[in-house]
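Colleague: task: produce atomic coordinates for the following.
(chains A and B)
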Protein chains: 2
Amino acid sequence: MDVNVFLFPDFETLDAFGPVEVLGRIEQYTLCYVSMNGGLITSRQGTQILTKSVDEADYSGILLLPGGQGTRCLVDDAAFIRTLTGISQQAMYCLAVCTGSALLAKTGLLDNRKATSNKKAFAWVKSTNGNVTWIEKARWVVDEKYYTSSGISAGIDMTLGFIADRFGNKKAEEIAEAIEYIWNTDSTNDQFST
Amino acid sequence: MDVNVFLFPDFETLDAFGPVEVLGRIEQYTLCYVSMNGGLITSRQGTQILTKSVDEADYSGILLLPGGQGTRCLVDDAAFIRTLTGISQQAMYCLAVCTGSALLAKTGLLDNRKATSNKKAFAWVKSTNGNVTWIEKARWVVDEKYYTSSGISAGIDMTLGFIADRFGNKKAEEIAEAIEYIWNTDSTNDQFST
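Modeller: Numbers count the residues shown, from 1 in each chain, chains lettered A, B, ... in the order given. Okay, the predicted model is just below:
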């Protein structure tokens, strides 16, 4: 099963690579890095990542969508949102980290669903779509195939939660141990919400 | 001040990009990605990163060295170790994550110094240099300009510790809050050591 990491200019580096570290430890998953036009994509932290064009991937598996400063203009980019809508519909699971939730919300696919996002950007994210039930106090939120997380590092907790849901708690705990990560297992225990 | 992230084939993705997320939040730091010959470097998780050649960077600032499977052959690569020795000597600070400590140990610069590494690979790391005082129970270890961390995620804790040492605890706490990371502030509290 492919994990498509959908990158865009000015994405937040750890939003993508925290979850990648966890997902990369599942033998059945193959990581692919895609973007609208392919080629090099530069993160907020100046990392240049080589991506395939969005047309070249198989979206039947898992979609991983980071957040970051780049989301601020992409929420108003009709072509990007149209593409994201199509690939999110095809995906078996959609994982959005941080303000990646705002992009996912713009597709309309989160309407009448629960979701969360970064606490520092929460008011803005909420403003992008009022039809979503935004949960402020949550490390991550699951609504059927849609997983959304709080800010940046919370993406690691969410992805371990996703692995626990698919493969059981023991597998998630094994991965946390292997990457020496102290997993915050309780999705409702969010010390960064006000 | 430049932060040079020294990449090599099969480096562990989060070893580099956890610390990058923290260091990228210091205005005075500029992140550079370098490798022995420049060009694309592929991580263990299949991420392809564009790097500059090692000859093109200024090493007077901070060196960040990830670990990962790629270190297993690099400890025996004389040209790599010679280059690493030179740039580590030039650097004001050297930060090695996970099995990156083994590479740094091979330079001899950790001789008669304290250091730590990944708990899953500890016996191997110790075997690379018996003149280092290897500290098994530590989230991270500081010995003058040399910072070494335990496995993968511990690099985030170490880098926040590095920021606290340079800019004060408040700054490190602000960054942890901004990235919604629950910082394990006690470098001696290592729940992954046996």
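Colleague: for chain A, which segments count as strands?
Modeller: All strands of chain A, identified by DSSP state E, fall at A:2-6, A:30-35, A:39-42, A:48-53, A:62-65, A:93-96, A:114-115, A:133-134, A:140-143, A:146-149.
Colleague: out of these, which is the most enclosed?
Modeller: The highest mean neighbour count among those, using mean count of other C-beta atoms under 10 Å in any protein chain shown, belongs to strand A:146-149: a mean of 29. Quick note: C-beta positions are derived from backbone N, CA and C, even for glycine.
Colleague: partner strands of that one, with direction?
Modeller: Strands that pair with strand A:146-149, judged by DSSP bridges, come out as strand A:93-96 (parallel), strand A:140-143 (antiparallel).
Colleague: reformat those as CSV; add mean pLDDT.
Modeller: Formatted as CSV, the strands paired with strand A:146-149 follow (pLDDT from 0 to 100):
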stretch, mean pLDDT
strand A:93-96, 98
strand A:140-143, 98
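Colleague: can you redo those strands as a markdown table with distance to residue A:64?
Modeller: Formatted as a markdown table, those follow (distance: least, C-beta to C-beta, whole Å):
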| stretch | distance to residue A:64 |
| --- | --- |
| strand A:93-96 | 5 |
| strand A:140-143 | 13 |
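Colleague: ok, now which ones touch the closest residue in space to residue A:132 that isn't next to it in sequence?
Modeller: Counting by C-beta to C-beta, 6 or more residues apart in numbering or on different chains, residue A:132 lies nearest to residue A:110, which is 4.5 Å off, once chain neighbours are set aside. By C-beta atoms under 8 Å, 6 or more residues apart in numbering or on different chains, the residues touching residue A:110 are A:101, A:104, A:129, A:131, A:132, A:143, A:146, A:148.
Colleague: do that again at 7 Å, thanks
Modeller: With contact taken as C-beta atoms under 7 Å, 6 or more residues apart in numbering or on different chains, residue A:110 is in contact with A:104, A:129, A:132, A:146.
Colleague: ok, the residue nearest the centre of chain A to chain B distance?
Modeller: Nearest to the mean C-alpha position of chain A, counting by C-alpha atoms, centre = their mean, stands residue A:96 at 2.2 Å. Relative to chain B, residue A:96 is positioned 15 Å away (C-beta to the nearest C-beta, to the nearest Å).
Colleague: skipping adjacent residues, who's closest to residue A:147 in space?
Modeller: In space, and not counting its chain neighbours, residue A:147 is closest to residue A:95: 4.5 Å by C-beta to C-beta, 6+ apart.
Colleague: so who does residue A:182 touch?
Modeller: Contact analysis of residue A:182 by C-beta under 7 Å, 6+ apart lists residue B:184.
Colleague: that older thread, for the strands paired with strand A:146-149, which one sits closest to residue B:65?
Modeller: When the strands paired with strand A:146-149 are compared by C-beta to C-beta, strand A:93-96 sits nearest residue B:65, at 29.6 Å.
Colleague: quick one: the closest one to chain centroid distance?
Modeller: Offset of strand A:93-96 from its chain centre (C-alpha atoms, centre = their mean, to the nearest Å): 5 Å.
Colleague: what comes into contact with it?
Modeller: Taking C-beta under 7 Å, 6+ apart as the rule, strand A:93-96 contacts A:19, A:62-65, A:88, A:104, A:145-148, A:158-159, A:162.
Colleague: before we move on, what about stretch A:50-62?
Modeller: Here stretch A:50-62 has contacts from A:1-4, A:7, A:32-41, A:83, A:87, A:90-93, A:95, B:40, B:48, B:50, using C-beta under 7 Å, 6+ apart.
Colleague: try it again at 8 Å.
Modeller: Contact with stretch A:50-62 is made by A:1-4, A:6-7, A:23, A:29, A:32-41, A:83, A:86-87, A:90-95, B:40, B:48-50, as judged by C-beta under 8 Å, 6+ apart.
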